[in-house]
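**Student:** Next one to model:
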Amino acid sequence: MFGLTALELARIQFGFTISFHIIFPAITIGLASYLAVLEGLWLWKRDTVYRDLYHFWSKIFAVNFAMGVVSGLVMAYQFGTNWSYFSAFAGSVTGPLLAYEVLTAFFLEAGFLGVMLFGWNKVGPGLHFFSTLMVALGTLISATWILASNSWMQTPQGFEIINGVVVPVNWFEVIFNPSFPYRLAHMTVAAFLATALFVGASGAWHLLRGNDNRRVRTMLSMAMWMLLVSAPIQIFIGDLHGLNTLKHQPAKIAALEGHWENKPGEAVPLTLFGWPDMEAETTRFAVKVPHLGSLILTHEWNGQFPGLKEFAKEDRPNSTVVFWSFRIMVGLGMLMLLLGVWGLWLRWRGRMFETNLFLRFAAVMGPTGLIAILAGWFTTEIGRQPWIVYGVMRTKDAVSNHSALAMSTTLIVFIVVYFIVFGIGTSYMLKLVAKGPAESEHEPDDESGRPARPLSAAHDQMDMFASAHQDRKG
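**Tutor:** Next up, the predicted model:
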């Protein structure tokens with residue numbers, strides 16, 4: 001397929017499937033915590049706005065949660081089908097970590113999810129709130145185990161290689177490897193940011209369409225507060241994460257900065273834009289800011305860090321890709337901070353809900369949190385290459401013995417099926433968002449006493465369309 005090798009196709013396939021998957025858990029993590037806050041505010045203030053928002057967003061959460069589970073199943077199978085040599089080599093570490101995620105997080109979420117979604121009028125308020133908190137906690141525990149596994153692949157420790165396979169000798173060091181705290185914090189805050197942008201864009205979109213009520217305004221207001229708090233925190237965490245990466249993966253930092261070599265006694269400039277040329281070993285059309293690279297990455301005016309030329313060619317990540325994926329992530333982060341600060345200014349002026357330019361900006365920014373997560377993931381994973389376990393196992397030694405034809409066929413099947421299945425799911429979820437939190441949405445149960453279902457909104461829309469059709473016939 002397009003002259004690609006089986007290894008390249010396997011990497012593309014894994015990247016494609018995990019790019020779909022990572023979107024849904026990110027929103028799940030953020031929405032679960034958002035629902036816990038909404039229910040806590042409802043129990044505290046008894047303001048029906050928070051209750052109605054809870055019922056509205058719980059439907060969207062349920063659809064998103066289901067798509068996350070389905071897309072996640074594929075990832076587990078791919079380790080065995082496409083990366084069997086990796087599984088045989090490092091499965092004694094990654095296998096238990098993923099098993100712990102199922103035994104703790106998934107079981108916790110599954111145990112309380114039904115009560116959370118369908119038990120509003122079936123159990124007491126305390127138990128229902130506890131169930132919501134447990135689901136939110138489960139999403140965070142799930143992220144913890146997944147990121148522990150991924151972080152170990154980035155900065156492995158606590159193991160020995162015996163008879164050609166990895167054997168864990170210190171599980172504390174395996175889990176709490178050097179990059180784990182930074183990755184966990186970075187991903188969790190990224191999930192909160194992505195959810196805040198999603199919720200805020202929903203509120204802004206409804207206001208632009210004239211659907212102005214307290215529920216919509218509360219959505220936008222809470223989202224802007226979260227954005228204002230989380231964006232600066234994420235920038236701070238990103239700085240710490242960068243310093244940690246420089247210490248443990250200096251080639252990745254050199255690649256994402258497009259930095260090739262140091263000159264004696266000279267500071268490293270920050271290359272804002274350019275085109276890293278891997279063959280010519282230079283960054284073409286570079287726009288640089290003197291000393292800024294040194295200040296950001298060494299916190300010294302004339303500090304230096306290794307350039308790509310200090311690493312063997314076969315050990316260099318693809319700078320052309322990670323240079324731009326990193327800048328997309330950082331650029332979107334700056335726009336998020338701008339949106340939060342602008343919202344604060346308009347809130348102080350009493351014009352946040354009436355300024356159309358701001359509302360359009362907030363609506364357009366809706367998907368940028370997820371785009372930034374994908375860009376950050378590309379930076380992290382492609383920047384680790386050519387290693388699947390950094391410094392221990394190369395990616396080319398991890399792939400299964402499949403032909404390029406087999407990998408091409410399965411990749412095409414994945415693309416077709418994913419766009420159909422998750423396209424339909426995403427379209428339905430966006431229809432739920434477009435429906436908006438109405439005042440009539442006081443209780444999640446209908447008069448028959450049956451629990452409300454996430455798909456109930458679809459029936460409401462079908463009834464609306466049927467009524468409109470009858471009116472036209474009349």
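
**Student:** what about stretch 278-295, distance to the chain center?
**Tutor:** Relative to its chain's centre, stretch 278-295 lies at 29 Å (Cα atoms, centre = their mean, to the nearest Å).

**Student:** Would you mind listing the buried residues in it?
**Tutor:** 282-283, 288, 291, 293-295 (16 or more other Cβ atoms under 10 Å). Where C-beta positions appear, they are placed from N, C-alpha and C, glycine not excepted.

**Student:** Would you mind checking which of the residues you listed is nearest to Gln154?
**Tutor:** Ranked by distance to Gln154 (Cβ to Cβ), the buried residues of stretch 278-295 are led by Gly293 at 22.3 Å.

**Student:** now for the one helix or strand the closest one maps to, which elements pack on it?
**Tutor:** If you go by DSSP states H and E, Gly293 is part of helix 292-298. When contacts are defined as 3 or more Cβ pairs under 8 Å, 6 or more residues apart in numbering; DSSP states H and E, helix 292-298 sits against helix 214-248, helix 250-257, strand 270-277.

**Student:** Which SSE is immediately downstream of it?
**Tutor:** Later in the chain than helix 292-298, the nearest helix or strand by DSSP H and E is helix 319-349.

**Student:** Show the subsequent helix or strand relative to that next one.
**Tutor:** helix 356-364.

**Student:** list the helices and strands the longest helix along the chain packs on?
**Tutor:** Taking DSSP state H as the criterion, the chain has its longest helix at helix 6-45. Using 3+ Cβ pairs under 8 Å, 6+ apart as the contact test, the elements touching helix 6-45 are helix 48-81, helix 125-154, helix 180-208, helix 368-384, helix 404-435.

**Student:** I'd like those laid out as JSON lines, including mean neighbour count.
**Tutor:** Conversion of those to JSON lines gives the following (neighbours: other Cβ atoms under 10 Å):
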{"stretch": "helix 48-81", "mean neighbour count": "19"}
{"stretch": "helix 125-154", "mean neighbour count": "20"}
{"stretch": "helix 180-208", "mean neighbour count": "23"}
{"stretch": "helix 368-384", "mean neighbour count": "22"}
{"stretch": "helix 404-435", "mean neighbour count": "15"}
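
**Student:** which other residues reach the helix holding Gly293?
**Tutor:** Helix 292-298 is contacted by residues 239, 242-243, 246, 253, 257, 259, 267-271, 300-305 when judged by Cβ atoms under 8 Å, 6 or more residues apart in numbering.

**Student:** one more time with 6 Å
**Tutor:** 246, 267-270, 300, 303, 305 (Cβ atoms under 6 Å, 6 or more residues apart in numbering).

**Student:** Name the nearest of the residues you listed relative to Pro232.
**Tutor:** Of all the contacts of helix 292-298, Pro232 sits closest to Leu270, with 20.0 Å by Cβ to Cβ.

**Student:** Please report how far the residue nearest to the closest one when sequence neighbours are not counted lies from Pro269.
**Tutor:** Computed as Cβ to Cβ, 6 or more residues apart in numbering, the closest residue to Leu270 that is not its neighbour in sequence is Leu292, at 3.6 Å. Distance, Leu292 to Pro269, by Cβ to Cβ, to the nearest Å: 6 Å.
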